[in-house]
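>>> Got a predicted structure plus its sequence, pasted below:
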Amino acid sequence: YRALVFPLLIREGKPTPFLIFVLALLFCVYNGYLQGRSLSNYAKYPSGWLKDPCFITGFTGWLIGMTINIHSDHILRNLRKPGETGYKIPRGGMFEYVSGANFFGEILEWFGFALACCTIESLAFALCTLFILGSRAKQHHQ
């Protein structure tokens, strides 16, 4: 969602430097490869894994996180009317509880994924997401 769908939904804003775009693309491709390879080649799950409370809790966390993330991005994209500038405080959804609702949703999403997968690679990505987006959320809050 963050790498493919979200950029296509943005109406206008500051242009992204090409180097940042390329680095983000490379990161997403490499991370997707690592996650897919770890799940398809190395992860071993018992036959009833999809009914296991760990998987169900993780999947539920992922789904709730993705819903929060998408809804929060929708709120952010619609903060300003065309031609408007300036800072606006987002309202509604999880923004009523946290100032970085989109970051919170994405962090929850990836920790849910890590719990559902139970791989070191998924946990590593969840922790990276927490540290990177957590610092961005703190900056936005300030």
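Cool, the structure landed. Predicted model, so just to flag it, every value in this text is computed and none were measured.
>>> Count the residues that sit near residue 65.
20 (other C-beta atoms under 10 Å). To be clear about C-beta, it is placed using only N, CA and C from the backbone, and glycine gets the same treatment.
>>> Correction: the previous question concerned residue 111.
21.
>>> State the helix or strand in which it lies.
helix 101-117 (DSSP states H and E).
>>> helices or strands up against the following helix or strand past that helix?
Counting by DSSP H and E, the next helix or strand C-terminal to helix 101-117 is helix 120-141. Helices and strands touching helix 120-141, by 3 or more C-beta pairs under 8 Å, 6 or more residues apart in numbering; DSSP states H and E, are helix 18-37, helix 101-117.
>>> rerun at 6 Å
helix 101-117 (3 or more C-beta pairs under 6 Å, 6 or more residues apart in numbering; DSSP states H and E).
>>> mind checking how far the helix it packs on is from the chain centre?
6 Å (C-alpha atoms, centre = their mean, to the nearest Å).
>>> List the neighbours of that helix that are in contact with it.
The list of residues contacting helix 101-117 from outside it, by C-beta atoms under 6 Å, 6 or more residues apart in numbering, reads 55, 58-59, 61-62, 65-66, 68-69, 72-73, 93-95, 98, 122-123, 125-126, 129-130, 133, 137.
>>> What residues of the lengthiest helix in the chain count as buried?
Of all the elements of type helix in the chain, the one with the most residues (DSSP state H) is helix 53-77. Across helix 53-77, burial judged by 16 or more other C-beta atoms under 10 Å covers 55, 58-59, 61-62, 65-66, 68-73, 75.
>>> Nearest to residue 36 among those?
Residue 36 lies nearest to residue 62 out of the buried residues of helix 53-77, by C-beta to C-beta, at 15.8 Å.
>>> Tell me who's in contact with that closest one.
Residue 62 neighbours (C-beta under 6 Å, 6+ apart): 109, 112-113.
>>> Distance to residue 20 and pLDDT added to the residues you listed, as TSV?
Shown next, in TSV, are the contacts of residue 62 (distance: C-beta to C-beta, whole Å; pLDDT from 0 to 100):
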residue	distance to residue 20	pLDDT
109	22	96
112	27	98
113	25	97
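>>> I'd like to know which of these is nearest to residue 39.
residue 113 (10.2 Å).
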